[in-house]
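**Q** structure for the following, please:
(chains A and B)
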There are 2 protein chains.
Amino acid sequence: MTLHPDVDTAVALACEAAGAWAGSDGARRAALLDGLAAALENDRGALVALADNETHLGTARLNDELDRTCFQLRGFASLARNGGFYDRIDDAAVAGPPPAGRPRLTRVRVPVGPVAMFSASNFPFAFSVLGGDTASALAAGCPVVVKGHPAHISLSRRVHQLAQGVLRSLELPAGLIGHIDIDTYAAGLELVAHPGIQAVAFTGSLAGGQALGRQAQSRSQPIPFYGELGSVNPVVVLPEAIEQGAGGLAKTLAASITQGSGQFCTSPGLLMMLDSPGARALAGQLAVEVDQAGLHRMLSERIHQGYAQGVSTLKQHSEVRTLTSAASAEGVDGGFVGLTSAAAFLADEALRHEVFGAACVCVLATSLDELCAALAAVGGSLTTTLLGAEAGSERDLQVFRVAQKISGRVLFKGMPTGVAVTHAQHHGGPWPASTQPLFTSVGFTASDRFLRPVALQDAPAWLTARAGVPV
Amino acid sequence: MTLHPDVDTAVALACEAAGAWAGSDGARRAALLDGLAAALENDRGALVALADNETHLGTARLNDELDRTCFQLRGFASLARNGGFYDRIDDAAVAGPPPAGRPRLTRVRVPVGPVAMFSASNFPFAFSVLGGDTASALAAGCPVVVKGHPAHISLSRRVHQLAQGVLRSLELPAGLIGHIDIDTYAAGLELVAHPGIQAVAFTGSLAGGQALGRQAQSRSQPIPFYGELGSVNPVVVLPEAIEQGAGGLAKTLAASITQGSGQFCTSPGLLMMLDSPGARALAGQLAVEVDQAGLHRMLSERIHQGYAQGVSTLKQHSEVRTLTSAASAEGVDGGFVGLTSAAAFLADEALRHEVFGAACVCVLATSLDELCAALAAVGGSLTTTLLGAEAGSERDLQVFRVAQKISGRVLFKGMPTGVAVTHAQHHGGPWPASTQPLFTSVGFTASDRFLRPVALQDAPAWLTARAGVPV
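**A** The predicted model follows:
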């Protein structure tokens, strides 16, 4: 594969920067991460305006997202400062023959090396140039080469320039945060193929992620590909939750479905219920609320076309009844709510595909077993929400087991959109939600993706005295 | 792909057993693991005789290996009993808007489900039916379906029957420990392709591992493939170590190289030194010691042929001087020590391939930089041993950095053969040593391969009260 010279240069600079950054202590990593957060905040007005112009996501949401991005950077800074990435396991020597007898072993974790990071279309701040993947990789001691997303490339350029200013002010090498500004499919593949790259973080489409994942695997040295490739995020509403107040629930659900015109990886794409008059009423109310929601233009023409195609397929499906009436107008798509049976959902895999945007299919089951079968058929999802499972009945347990099997996060209250950045967070469910479901892309254990354990056997004092900072 | 009925049956039984085993508490898991260890010990005499007959590894080594296997089973039992696999991260709710405000999140880890385990040819106990992969998977809450290795299939059958007896005595389902007794290449692929299998543990050849890894990736739901595919285990002897006593060192090295006729994944295949009369003398002494070592018949005809082919290639290489003189006799291969230059090693990738067996190539470098370049060219190895790096000079640091980059374990004393089973152990280096270098196949964190995090958001009391045991 011929590499574009910009790709080669960016990765070469990252490789040059990798050694010293791997050996940096927590204070140095924290200074960079804090500095990046401050730089974003100092340029907030211009950044948000630029982002809104490119993405149509609105200034309120984009200001919130910038806050979250700074929170992430500062959270990882705090962890680095407190030694969070220099953890070790010490096993003292034990005299005597094996298996009980053993040498002294000290296990540390070392940064894997330069990380290729693919910006997400739908998070121009929080999962782009200085987003969660970048923060978690830098905190782990790895340089990052970002592939800017064409849906907000001007913003990417500006944020990258800001980052370069912070690196200069801290006398850190420019190669720590690289930026590939080439809008071709090939450039992404070349970045993954570059022998200097040691891991890939990707959030995007199933087809794009599969192509990059194959590239990562077909290198002469295969590397880990951490991809988030799509999620339908079922919301299971059990009878108790329907009874407690369908009106409020319809509003809350509609808000979650239509927020950001549905362009969230955790947007609820399925509403699953046991069939009942109340369930049908909830589906109807949801459609009314979705029809009334103010949507905005989608992130890109490609995303709009994908949504329109997905909705069109659902509308024409013989087993799906369309409940919404809003049509597209002036380039803004209408939301979609449809109704189908669990039997139809189980019979046709096409109904289980994610439609990225403000679309939700209500699935009515005639029995608990059928509900569970339909939920299991989802296969893999970032989240499953279970409403009305507070009592812990056998039924709750049965549904929960299925939810846990297919999801990286199970919610008992609220809506799946809005992913808290905490230690316990896990954002990554079974395939295709994540290509590596044992790791998370959101939350403070996201750095685990970029740290490789090494056991040091009978290490001399000069090495063990370094308190875990890799040399 | 058509599945052999035995494969289908074994996986179906494992799937049936998976739910209850995932929900088992530590006492129950420990009872099984302890019971398996006791059963192996009770049948020690017959098992060791059978293993020796099939593998030629000798009763002393096989008794030691059986001890290690029981130690592993009991170690994982102890961890399970003490709650080691029910860890959780609790983040309390924080009032206020995000990003600081957040719901309550509880992160648990759940077993991934049935694991396909491919027995290693060279560890008929410790990495076979009840070996480390099986112990770590059962401890994590996952059923195991073992593909018995044809090099010791009678032993596999007997151990599997013992295991079935333990399961019966504990009233546990037979499907918890399945056994595929089909000696075809296709059966392995079918096992990995079976939709019920959720992870694969493999120790074996590069070609075999790559084929199974591709199968794991090409499923409609790709699954993690934990493969250990080969390692050359360089031993770098710095001048201080040569001066300290080349005679003893040659004996120790030869013992490590020839132990088990070299059929260890951590057998030293490379001896790297700065060129000097002392270095050349050490290489010569090593050849004498290897010539005098008593080797035994290799594990299988296929392994013998691979070794003979590898040694033949080295012997005919224009840049390699053969130092050993022992020839093969009565089906027993002779050991091999060759001498080459770092320049030749860097120029020809063929010199860097693992020769599985009692073969070692001595590589002489003319400068420190060349030594480091040759070491870096190894790419990925389970271990690197650095002898004579006690002072922590700039030179030591430079060599260590390369060693750490290419290895999962770096030793400063002793030899890489003999892998202690501890918490800090890490057995898995960069490709091709491991397909997943962030995980280990030896030591008590090996269970991490089979546990998937799930974040529970605002989980009700009936769920959080379960002290982490998955439901």
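**Q** please make it C-alpha for all contacts and neighbour counts, starting now.
**A** Noted.
**Q** any idea how far residue A:259 is from the spatially closest residue to residue A:150 that is not a sequence neighbour?
**A** In space, not counting the residues next to it along the chain, residue A:150 is nearest to residue A:183; the distance is 6.2 Å by Cα to Cα, 6 or more residues apart in numbering or on different chains. Remark: distance between residue A:183 and residue A:259 (Cα to Cα, to the nearest Å) = 28 Å.
**Q** more neighbours, these two?
**A** residue A:259 (21 against 14; other Cα atoms under 10 Å in any protein chain shown).
**Q** where does the residue nearest to residue A:126 when sequence neighbours are not counted sit: helix, strand or coil?
**A** Leaving aside its sequence neighbours, residue A:126 sits nearest to residue A:69 (Cα to Cα, 6+ apart; 4.8 Å). Under DSSP: H, G, I helix; E, B strand; the rest coil, residue A:69 falls in the helix class.
**Q** residue A:371 now?
**A** What three-state DSSP gives for residue A:371 is helix.
**Q** just confirm the residue nearest to residue A:150 is within a strand.
**A** No - counting by three-state DSSP, residue A:183 is not found in a strand; it is coil.
**Q** what's the burial count for residue A:59?
**A** Residue A:59 has 16 neighbouring residues, counting by other Cα under 10 Å.
**Q** isn't it up against residue A:52?
**A** Yes - at 6.2 Å, residue A:59 counts as touching residue A:52 under the criterion of Cα atoms under 8 Å.
**Q** ok, residue A:18 to chain B distance?
**A** Shown here: residue A:18 relative to chain B, a distance of 12 Å by Cα to the nearest Cα, to the nearest Å.
**Q** with residue A:295 instead?
**A** For residue A:295, the distance to chain B (Cα to the nearest Cα) stands at 22 Å.
**Q** once you drop chain neighbours, what's closest to that residue?
**A** residue A:261 (5.2 Å).
**Q** picking up where we left off before, the residue nearest to residue A:126 and residue B:100, how far apart?
**A** 12 Å.
**Q** the residue nearest to residue A:295 in helix, strand or coil?
**A** helix.
**Q** count of residues packed around it?
**A** Applying other Cα under 10 Å, we find 27 residues neighbouring residue A:261.
**Q** give the contact list for it.
**A** Shown in contact with residue A:261 (Cα atoms under 8 Å, 6 or more residues apart in numbering or on different chains): A:295-298, A:335, A:357-358.
**Q** ok, for the residue sitting furthest away from the middle of chain A, nearest residue in space, not its chain neighbours?
**A** Within chain A, the residue lying farthest from the chain centre (Cα atoms, centre = their mean) is residue A:96, at 48.7 Å. Closest residue to residue A:96 apart from its sequence neighbours, by Cα to Cα, 6+ apart: residue A:102 at 7.4 Å.
**Q** just send the contacts of residue A:261 back as CSV, with neighbour count, pLDDT and secondary structure too.
**A** Formatted as CSV, these follow (neighbours: other Cα atoms under 10 Å in any protein chain shown; pLDDT from 0 to 100; DSSP: H, G, I helix; E, B strand; the rest coil):
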residue, neighbour count, pLDDT, secondary structure
A:295, 20, 93, coil
A:296, 19, 94, coil
A:297, 18, 94, coil
A:298, 23, 95, coil
A:335, 29, 96, coil
A:357, 30, 97, coil
A:358, 29, 97, coil
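**Q** from those, which is closest to residue A:221?
**A** residue A:357 (37.0 Å; Cα to Cα).
**Q** check contacts around the closest residue to the closest one other than its chain neighbours.
**A** Once flanking residues are discounted, residue A:357 sits nearest to residue A:262: 4.0 Å by Cα to Cα, 6+ apart. Neighbour list for residue A:262: A:256, A:356-359 [criterion: Cα under 8 Å, 6+ apart].
**Q** ok, the residue most central in space within chain A - contacts?
**A** The centre of chain A sits closest to residue A:441, judged by Cα atoms, centre = their mean, with a distance of 5.2 Å. Neighbouring residues of residue A:441 by Cα under 8 Å, 6+ apart: A:132-133, A:426-428.
**Q** and it, backbone torsions?
**A** Here is the backbone geometry of residue A:441 (degrees, to the nearest 10): phi -100, psi -10.
**Q** cool, and residue A:83?
**A** Per degrees, to the nearest 10, the backbone of residue A:83 is at phi 80, psi 20.
**Q** shaky segments in chain A?
**A** For chain A, applying pLDDT under 70 flags the ranges A:246-247, A:467-471.
**Q** could the contacts of residue A:262 be laid out in a markdown table, adding distance to residue B:9?
**A** Formatted as a markdown table, those follow (distance: Cα to Cα, whole Å):
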| residue | distance to residue B:9 |
| --- | --- |
| A:256 | 44 |
| A:356 | 39 |
| A:357 | 42 |
| A:358 | 43 |
| A:359 | 41 |
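**Q** quick check: the farthest pair among the residues you listed?
**A** Pairwise distances across those (Cα to Cα) peak at 13.3 Å, for the pair A:256 and A:356.
**Q** could you find the closest non-adjacent residue to the residue of the stretch 151-300 of chain A found nearest chain B?
**A** Residue nearest to chain B within the stretch 151-300 of chain A (Cα to the nearest Cα): residue A:221, separated by 6.0 Å. Closest residue in space to residue A:221, ignoring its immediate chain neighbours: residue B:431 at 6.0 Å, by Cα to Cα, 6+ apart.
**Q** one step back: tell me which of residue A:69 and residue B:100 has more neighbours.
**A** residue A:69 (28 against 15).
**Q** so of the contacts of residue A:441, which ones are in helices?
**A** Among the contacts of residue A:441, the residues falling in helices (DSSP state H) are A:132-133.
**Q** out of the contacts of residue A:441, which is most surrounded?
**A** Comparing the contacts of residue A:441 by number of neighbours (other Cα under 10 Å), residue A:426 comes first, having 35 neighbours.
**Q** that one and residue A:459, how far apart?
**A** The value you get for residue A:426 to residue A:459, if Cα to Cα is used, is 35 Å.
**Q** I'd say the residue nearest to residue A:96 and residue A:95 touch.
**A** Yes - between residue A:102 and residue A:95 there is a contact at 6.6 Å, judged by Cα under 8 Å.
**Q** okay, the two: which has more neighbours?
**A** A count of neighbours by other Cα under 10 Å puts residue A:102 above the other of residue A:102 and residue A:95, at 20 against 10.
**Q** what pairs with that one across the strands?
**A** residue A:94 (DSSP bridges).
**Q** residues touching it, list them.
**A** A:93-96, B:420.
**Q** what's the closest of these to residue B:15?
**A** residue B:420 (32.6 Å).
**Q** name the SS class of that closest one, please.
**A** Residue B:420 ends up coil, using three-state DSSP.
**Q** now the phi/psi pair for it, please.
**A** Dihedral angles of residue B:420 (phi, psi; degrees, to the nearest 10) stand at phi -70, psi 140.
**Q** so how many other residues sit close to residue A:349?
**A** The number of residues packed near residue A:349 is 11, by other Cα under 10 Å.
**Q** tell me how far it lies from chain B.
**A** When distance is defined by Cα to the nearest Cα, residue A:349 is 13 Å away from chain B.
**Q** so who does that residue touch?
**A** So residue A:349 contacts nothing (Cα under 8 Å, 6+ apart).
**Q** can you pull out the helices in the stretch 51-200 of chain A?
**A** In the stretch 51-200 of chain A, the segments counted as helices under DSSP state H, counting those that start in this stretch are A:59-81, A:132-140, A:153-169, A:185-193.
**Q** how far off centre is the longest one?
**A** So the one you mean is helix A:59-81. Here the centre of helix A:59-81 is set off from its chain's centre by 15 Å, with Cα atoms, centre = their mean, to the nearest Å.
**Q** same question, stretch A:413-420
**A** Taking Cα atoms, centre = their mean, one finds the center of stretch A:413-420 at 13 Å from the center of the full chain.
**Q** cool, stretch A:340-356 as well?
**A** The chain centre lies 24 Å from the centre of stretch A:340-356; the measure is Cα atoms, centre = their mean.
**Q** stretch A:13-24 too?
**A** Centroid separation for stretch A:13-24 versus its chain: 26 Å, with Cα atoms, centre = their mean.
**Q** excluding sequence neighbours, find me the nearest residue to residue A:396.
**A** Excluding the flanking residues, the one nearest residue A:396 by Cα to Cα, 6+ apart is residue A:389, at 5.2 Å.
**Q** thanks a lot, see you next time.
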